[in-house]
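Student: Please work out how this folds:
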Amino acid sequence: MTEAASIPAPIRQSQLIRQLAQAAVRAAPSGWDTVRYISRMTSDVSAFETHVVVGGSASQVFSDDEADDLAYELRAVMYRPDAGTWFTFTLDITSDGQAHSSFDYDGEPDIPELAPTVYLTEQRKFPRNVENQPDWYKERLAEAARLVAEQP
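Tutor: Numbers count the residues shown, from 1 in each chain. This is a model prediction of the structure:
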């Protein structure tokens with residue numbers, strides 16, 4: 001068993017969020033005011049971006065591999081049996097050291113051209129019972145099942 005696997009999930013979750021914030025801040029240019037890290041994920045497809053405001057003006061957008069790797073682990077750690085895990089995670093950090101995180105378990109992730117079949121893998125890897133499946137998720141699963149059934 002790895003050291004991370006032996007840590008209770010709520011504690012590991014807090015550790016990962018702190019590490020993610022540190023990674024995003026390390027990757028930001030000097031003089032930053034705010035950093036917003038956004039992770040949109042399914043089991044098969046992900047999209048990451050970090051927005052940085054410097055000097056109170058226009059934000060820069062970039063990606064950070066270290067933060068992205070931590071987001072994968074965070075998503076797995078936050079899985080709850082029959083309830084699933086989040087699809088979108090947002091972390092806001094201010095230059096005074098304040099951080100706020102939010103998790104969207106029910107909204108469809110904003111990932112362009114996402115094939116409905118990715119939700120079959122999502123359902124296998126992070127199963128949700130019917131009561132915890134948002135309507136859009138049920139629709140994607142049904143559409144994916146039709147697509148798979150139509151294949152020769």
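Student: Checking Ser39 next. Helix, strand or coil?
Tutor: Using DSSP: H, G, I helix; E, B strand; the rest coil, the structure places Ser39 in strand.
Student: What separation is there between it and Pro8?
Tutor: Separation of Ser39 from Pro8 (CB to CB, to the nearest Å): 22 Å. Every C-beta, even on glycine, is put in place using the N, C-alpha and C of the backbone.
Student: of the two, who's got more company?
Tutor: Ser39 (25 against 8; other CB atoms under 10 Å).
Student: beta partners for the more buried one?
Tutor: For Ser39, the beta-bridge partners are Phe48, Phe89 (DSSP bridges).
Student: what residues are up against it?
Tutor: If you count contacts by CB atoms under 8 Å, 6 or more residues apart in numbering, Ser39 has them with Ser46, Ala47, Phe48, Asp68, Ala71, Arg75, Thr88, Phe89, Thr90.
Student: Okay, now the unreliable bits of this structure?
Tutor: Applying pLDDT under 70 to the chain flags residues 1-5, 58.
Student: quick one, strands of it?
Tutor: 32-41, 46-54, 59-62, 88-94, 99-104 (DSSP state E).
Student: who does the last one pair up with?
Tutor: Read it as strand 99-104. strand 88-94 (antiparallel).
Student: ok, now the shortest one?
Tutor: Each strand that strand 59-62 pairs with, and the sense of that pairing, follows from DSSP bridges: strand 46-54 (antiparallel).
Student: Can you give me the buried ones in the partner strand?
Tutor: Judged by neighbour count (16 or more other CB atoms under 10 Å), strand 46-54 contains these buried residues: Ala47, Phe48, Thr50, His51, Val52, Val53, Val54.
Student: what's next to that strand, contact-wise?
Tutor: For strand 46-54, the surrounding residues in contact (CB under 8 Å, 6+ apart) are 24, 27-29, 31-41, 59-64, 67-68, 71-72, 109-112.
Student: for the buried residues of strand 46-54, which one is nearest Arg124?
Tutor: Using CB to CB, Ala47 is the member of these that sits closest to Arg124, with 21.0 Å.
Student: What helices and strands are in contact with the top helix by length along the chain?
Tutor: Assignment by DSSP state H gives helix 9-27 as the longest helix of the chain. Applying 3 or more CB pairs under 8 Å, 6 or more residues apart in numbering; DSSP states H and E, one finds that helix 9-27 makes contact with strand 32-41, helix 65-77, strand 88-94, strand 99-104.
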